[in-house]
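Participant: model this:
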Amino acid sequence: MYRTNGYYFFLQSILTFLLLLVVCSTIAGTYTHSQYQKKDSISLSSQKEKIPSINIKYTSKGWQFSTADEKYVLQFQSRLQFRYATPQDTDPLTFDDFQQDEHAVLKVNRARLKIGGNAFEKWLKYFWEYELASGNLLDFRLMIEKCSFFKFKAGQWKAHYNRERVISSGKQQMADRSLINRPFTIDRQQGISFYGNYAGRGKLNFSYWFSILTGTGRGSTTNDDNHLMYMSRIQWDIFGRVLGFEGSDIKFHKYPAGLIALAAVTNRSPYTRFSQAGGGQLEGFEEGQAGQYRVNQFLVETAFMYSGFSWQQEFHWKEIDDKINQTITSLIGNYLQFGYFFHYAMQWVPRQLEIAFRYSIYNPNRSQLENLREEFSLDVNWFFKNHLNKLTTEISYFSFQEKIEDVYDGWRFRIQWDVSI
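Facilitator: As a prediction, the model looks like this:
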């Protein structure tokens with residue numbers, strides 16, 4: 001539910017402004033120093049105080065304040081996402097969702113405040129992100145990134161499990177994530193992570209992540225029992241170049257960049273799924289008790305970008321072992337997505353225009369092979385300023401099948417403007 005109280009937003013704005021003043025004052029104060037000389041000819045009143053300048057510029061991460069040596073950097077960015085959708089905004093979850101009355105949706109879908117940078121040293125980094133519309137602290141983390149092949153972070157963030165979820169909602173190629181994101185993402189968790197990149201000769205380039213997490217979702221500081229969540233991901237950057245977590249080839253890669261990744265997760269908790277709201281349940285599962293569900297997951301992922309063309313794909317497998325009811329449920333899903341800036345093939349097409357397509361398929365219970373959910377989405381993007389200012393138009397078709405003769409389907413239209421300042 002969105003908070004619409006004007007006083008609430010006014011108070012948040014004042015607190016945010018005061019925080020920025022404190023951080024900026026800290027940066028300036030740390031680099032303010034006096035040089036005292038022990039000479040009889042120089043009196044105390046003649047000593048001069050040297051105050052270095054603060055560099056200010058606008059970057060892809062927002063407004064940046066930094067010292068000359070960049071040991072202290074503060075980046076500040078706000079983002080708004082406006083969306084119109086009909087006949088509904090969210091993906092259908094059950095067959096009953098196709099029977100609901102149609103209604104148009106017009107809303108501020110996301111309103112984010114991001115602050116990050118580094119302090120004391122270039123390799124000691126920090127970041128936090130706040131959702132203003134719903135009043136949720138999404139991310140907060142401290143990172144030690146002195147060595148490229150061995151890095152460490154602690155706090156709360158979107159676990160680096162699958163590419164689609166890790167990509168920021170402001171850097172997505174489509175209006176939103178696919179049909180299979182909800183059942184398979186492990187979303188934001190609190191914990192620690194070790195990660196890095198090994199760049200060998202030629203195409204010998206690997207990235208890895210290993211995380212130990214509470215396994216109870218965003219905003220949860222404790223585990224329900226002694227079973228933590230363990231996540232690992234290994235990624236081969238197949239052309240010797242690291243492909244960043246970003247949708248659309250807005251950089252127009254002159255040389256191909258791609259990856260093949262394997263990832264796995266194991267967790268035992270009261271939950272069968274996770275989202276920005278925290279832990280929850282998939283359809284057909286009861287509210288869980290401590291340690292009720294042992295969940296094991298696995299994925300195979302590919303991505304590629306070259307000359308304005310982009311591709312990404314994920315295959316997911318998930319097993320839910322209900323320790324109380326003694327049942328095991330297996331889920332599988334896959335999506336593939338690609339887009340292209342046709343300007344690079346036909347010069348008369350505007351450079352800012354991209355067309356993208358996605359197909360998703362999901363089986364919520366492998367024991368019922370005919371139980372399938374499908375999504376077909378076609379998007380048209382217009383980039384005013386890369387991902388910082390873009391307009392997305394999307395049309396989607398959903399088809400849910402329970403039995404061969406029982407098929408439910410429907411269309412959805414969305415238009416979205418995403419702007420970061």
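Participant: so where do the strands sit in the stretch 51-200 of the chain?
Facilitator: Assigned strands in the stretch 51-200 of the chain, in chain order: 55-59, 62-66, 73-86, 105-118, 124-131, 136-147, 150-158, 188-199 (criterion: DSSP state E, counting those that start in this stretch).
Participant: now those strands in TSV, with distance to residue 378, mean neighbour count and mean pLDDT?
Facilitator: Just so you know, the C-beta spots here come from the backbone N, C-alpha and C atoms, and that holds for glycine as well. Listed next are the strands of the stretch 51-200 of the chain as TSV, based on distance: least, CB to CB, whole Å; neighbours: other CB atoms under 10 Å; pLDDT from 0 to 100:
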stretch	distance to residue 378	mean neighbour count	mean pLDDT
strand 55-59	32	11	92
strand 62-66	31	18	94
strand 73-86	15	19	96
strand 105-118	20	18	95
strand 124-131	29	18	96
strand 136-147	29	15	96
strand 150-158	27	18	97
strand 188-199	30	18	96
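Participant: Turn the ones you listed into TSV, columns for distance to residue 349.
Facilitator: Putting the strands of the stretch 51-200 of the chain into TSV (distance: least, CB to CB, whole Å) gives the following:
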stretch	distance to residue 349
strand 55-59	29
strand 62-66	31
strand 73-86	26
strand 105-118	29
strand 124-131	35
strand 136-147	37
strand 150-158	34
strand 188-199	35
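Participant: Which one of the ones you listed lies nearest to residue 292?
Facilitator: Closest to residue 292 of these, according to CB to CB: strand 188-199, at 18.3 Å.
Participant: Give the partner strands of the closest one in its sheet and their orientations.
Facilitator: According to DSSP bridges, the neighbouring strands of strand 188-199, each with its direction, are strand 150-158 (antiparallel), strand 205-213 (antiparallel).
Participant: In the last one, which residues are buried?
Facilitator: Spelled out, that is strand 205-213. Buried residues in strand 205-213, defined by neighbour count with 16 or more other CB atoms under 10 Å: 205, 206, 207, 208, 209, 211, 213.
Participant: which residues are contacting that strand?
Facilitator: Taking contacts as CB atoms under 8 Å, 6 or more residues apart in numbering, the residues outside strand 205-213 that touch it are 159-160, 189-200, 228-237, 240-242, 259, 267.
Participant: And the helices in the protein?
Facilitator: In chain order, the chain shows helices spanning 6-30, 163-166, 181-184, with DSSP state H as the criterion.
Participant: which one of the ones you listed has the lowest average pLDDT?
Facilitator: The stretch with the lowest average pLDDT out of the helices of the chain is helix 6-30, scoring a mean of 47.
Participant: what comes up buried for stretch 82-102?
Facilitator: By neighbour count with 16+ other CB under 10 Å, stretch 82-102 contains the buried residues 82, 83, 84, 85, 88, 89, 91, 92, 98.
Participant: Need those in JSON lines (columns: distance to residue 344).
Facilitator: Rendered in JSON lines, the data for these read as follows (distance: CB to CB, whole Å):
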{"residue": "82", "distance to residue 344": "29"}
{"residue": "83", "distance to residue 344": "29"}
{"residue": "84", "distance to residue 344": "30"}
{"residue": "85", "distance to residue 344": "31"}
{"residue": "88", "distance to residue 344": "36"}
{"residue": "89", "distance to residue 344": "33"}
{"residue": "91", "distance to residue 344": "32"}
{"residue": "92", "distance to residue 344": "36"}
{"residue": "98", "distance to residue 344": "39"}
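Participant: returning to that earlier point: which stretch among the strands of the stretch 51-200 of the chain comes nearest residue 335?
Facilitator: Between residue 335 and the strands of the stretch 51-200 of the chain, the tightest spacing by CB to CB is seen for strand 150-158, at 17.7 Å.
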